[in-house]
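Q: Got a predicted model here, sequence first, then my questions.
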Amino acid sequence: MAVYTDVAADELADFLKPYDLGELLSYKGIAEGVENTNFLLHTSKGSFILTLYEKRVAKNDLPFFLALMTHLAEHGVTCPLPVKAGDGEALRELSGRPAAIITFLEGVWPRKPNVAHCAGVGEGLARMHLAGANFAIKRGNALSVSGWRPLFDAAASRADEVQPGLHAFLAAELDYLSSGVWPSNLPGGVIHADLFNDNVFFLGDKLSGIIDFTFACNDMLAYDVAICLNAWCFEPDHSFNVTKARAFLNAYGRVRKLSEAEEAALPLLARGAAIRFLLTRLVDWLNVPPGALVKPKDPLEYFRKLRFHQSVSSVRDYGLMPSGLVA
Ligand SMILES: Nc1ncnc2c1ncn2[C@@H]1O[C@H](COP(=O)(O)OP(=O)(O)O)[C@@H](O)[C@H]1O
Ligand SMILES: N[C@@H](CCOP(=O)(O)O)C(=O)O
């Protein structure tokens, strides 16, 4: 459950005054997510999500996220829309935090993603990449290679408390990934950067919307593909499911074909994606704020995924025939 900042009823009532949302009927903290504080609001005009942006979100980046949702929605991606107050502003402040209200999206996120969900997310991700192509605002990826070292430094001294040997393992992997091997010339654009199953809604097996753009940024499109391989294509026992990966990659490729260079880079990008989530989870695991209603996510899940990607030599291991070869 992620509620880092409590909001009193009278504070919320004051905050809502400049909006045209009718009467507030109820509100409750949302029992999911780890990054921000989210409340579900029921008003006489419908349901809305109120987000108070917390630790990893820079206030200056919020206009990027809010404008991106509007841009994507205008280009055919089903995602929440920012709700503006009477003064035309969607971004305001509540309980000392930047805060925004967004529209409520119908659907549920899949607790046990199946092959059809993986295909749906492949297609949805590729459509999002195409829809983001002409988005004018830029935001660098603060959690790419140069952002990993500070996370490691923040957790290094206690990493072995989580698993003996983790410190040395992370240090070696970081040294490798920062030794000049990280790709720099792959096609870029707007990436979601956190398209996990709790951020993709489905109605049955059909994708009904994408939420949570608070890590969205400009980076290599194939890095987003690598994040999804990590998030969608492993089983609860941490084994890799090549059938899901093939379904995901083929569905992505039907909308936006990966270049040979992108395919060749996927194992490395998947290692990078795995260490990025391993590190943020490790920092969060070791630093749960007192009193916060949050269930930190298991960093070791990403240790195991990273070990798998270290053993991968080609995109074939992800179920895809390299495009340079004839099947
Ligand atoms: N626009 C929305 N419509 C419906 N539910 C939402 C919406 N935004 C967030 N939620 C709910 O809130 C949960 C946490 O939101 P999320 O944005 O993932 O949190 P965080 O900001 O911590 O990353 C989601 O899993 C979902 O259940
Ligand atoms: N997806 C990240 C955590 C942040 O995502 P949230 O949407 O659950 O707040 C992870 O799994 O480490």
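A: Now that the structure is in, tell me what you want to look at. Ligands and ions are numbered 1, 2, ... in the order given.
Q: Please count neighbours and contacts with C-alpha atoms only from this point.
A: OK.
Q: Tell me how far residue 299 lies from ligand 2.
A: Using C-alpha to the nearest ligand atom, to the nearest Å, residue 299 is found at 8 Å from ligand 2.
Q: again with residue 290
A: Using C-alpha to the nearest ligand atom, one obtains 18 Å as the distance from residue 290 to ligand 2.
Q: residue contacts, residue 211?
A: Counting by C-alpha atoms under 8 Å, 6 or more residues apart in numbering, residue 211 makes contact with 79, 80, 199, 200, 201.
Q: So out of everything in this protein, what residue is nearest ligand 2?
A: At 3.5 Å from ligand 2, residue 33 is the closest residue in the chain, using C-alpha to the nearest ligand atom.
Q: can I assume that residue sits in a strand?
A: No. Read with DSSP: H, G, I helix; E, B strand; the rest coil, residue 33 is coil and lies in no strand.
Q: Could you tell me how many residues sit around it?
A: Applying other C-alpha atoms under 10 Å, we find 18 residues neighbouring residue 33.
Q: Now do it, the pLDDT please.
A: What the model reports as pLDDT for residue 33 is 73.
Q: What distance do you get for it to ligand 1?
A: On the measure of C-alpha to the nearest ligand atom, residue 33 and ligand 1 end up 4 Å apart.
Q: All further residue positions should be reported with the first residue as 53.
A: With the count now opening at 53, the last piece we talked about shows up as residue 85.
Q: phi, psi of that residue?
A: Phi and psi for residue 85, reported as degrees, to the nearest 10, are phi 90, psi 160.
Q: go on, residue 269?
A: When quoted as degrees, to the nearest 10, the phi and psi of residue 269 stand at phi -170, psi 180.
Q: out of everything not next to it in sequence, what's closest to it?
A: Nearest residue to residue 269 in three dimensions, chain neighbours excluded: residue 191, at 5.0 Å (C-alpha to C-alpha, 6 or more residues apart in numbering).
Q: What is the neighbour count of the one you found?
A: Close neighbours of residue 191, defined as other C-alpha under 10 Å, add up to 14.
Q: and if you look at residue 266?
A: Count around residue 266 with other C-alpha under 10 Å applied: 20.
Q: Dead centre of this structure: give me the residue that sits there.
A: The centroid of the chain falls nearest to residue 246 when counting by C-alpha atoms, centre = their mean (1.2 Å).
Q: Thank you, goodbye.
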